[in-house]
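Q: missing the sequence, but the structure's below:
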């Protein structure tokens with residue numbers, strides 16, 4: 001591997017090949033929701049569609065995670081990819097904290113400050 005001017009190695013960033021797992025999982029989830037809807041509406045075939053959708057979704061998740069575990073076992077990820085995964089998860093968790101903080105802050109503002117004011121309490 002060639003060295004860059006900073007002395008760090010120029011490592012290739014691993015990008016996995018395109019996959020049809022997300023499409024297959026979407027089909028399974030749509031079948032599951034359609035089957036549940038049909039079943040609740042009283043159609044006889046609803047529970048069959050629900051079962052097929054659940055089987056497709058569970059089977060797809062199992063195979064998808066198996067592939068990810070095998071991919072990780074081959075050590076195709078380098079330190080840069082590992083750092084990127086960890087940074088992405090940190091940003092995701094931070095965005096969730098900020099989102100729910102804003103949501104519950106708005107809920108608190110509405111419930112504690114605005115509703116009493118609208119009902120005539122206070123001045």
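A: Now that the structure is in, tell me what you want to look at. The model shown is predicted, which means the values in this text are computed figures rather than measured ones. Residues are numbered from 1 along each chain as shown.
Q: Going by C-alpha atoms from here, please, whenever you check contacts or count neighbours.
A: Fine.
Q: Just give me the longest helix of this protein.
A: helix 79-108 (DSSP state H).
Q: To what extent is residue 95 buried, counted in neighbours?
A: 12 (other C-alpha atoms under 10 Å).
Q: Okay, the spatially most central residue of the chain and residue 65: tell me how far apart.
A: The chain has residue 92 as the residue nearest its centroid, 9.8 Å off, counting by C-alpha atoms, centre = their mean. Distance of residue 92 to residue 65, computed by C-alpha to C-alpha, to the nearest Å: 20 Å.
Q: how far away is the residue nearest to the centre of the chain from residue 61?
A: 21 Å.
Q: Please apply the same query to residue 94.
A: In this structure, residue 94 and residue 61 are 26 Å apart, going by C-alpha to C-alpha.
Q: ok, those two, which is more surrounded?
A: The neighbour count for residue 94 versus residue 61, taken as other C-alpha under 10 Å, is higher for residue 61 (16 against 11).
Q: Now name the helix or strand holding the nearest residue to the more buried one once chain neighbours are set aside.
A: Nearest non-adjacent residue to residue 61, counting by C-alpha to C-alpha, 6 or more residues apart in numbering: residue 25, 7.3 Å away. Using DSSP states H and E, residue 25 sits within helix 21-40.
Q: Look at residue 14 and give its secondary structure.
A: At residue 14 the chain is in coil, as set by DSSP: H, G, I helix; E, B strand; the rest coil.
Q: Output the contacting helices and strands for the helix holding residue 25.
A: When contacts are defined as 3 or more C-alpha pairs under 8 Å, 6 or more residues apart in numbering; DSSP states H and E, helix 21-40 packs onto helix 46-73.
Q: Give the residue spans of the chain that score low on pLDDT.
A: Applying pLDDT under 70 to the chain picks out residues 1-11, 122-123.
Q: Now with 90, please.
A: Across the chain, the ranges flagged by pLDDT under 90 are 1-18, 67-85, 109-123.
Q: returning to that earlier point: now for the longest helix of the chain, which elements pack on it?
A: Based on contacts counted as 3+ C-alpha pairs under 8 Å, 6+ apart, there is no element that helix 79-108 packs against.
Q: re earlier: isn't the residue nearest to residue 61 right up against residue 57?
A: Yes. Contact criterion C-alpha atoms under 8 Å: residue 25 and residue 57 qualify, at 5.3 Å.
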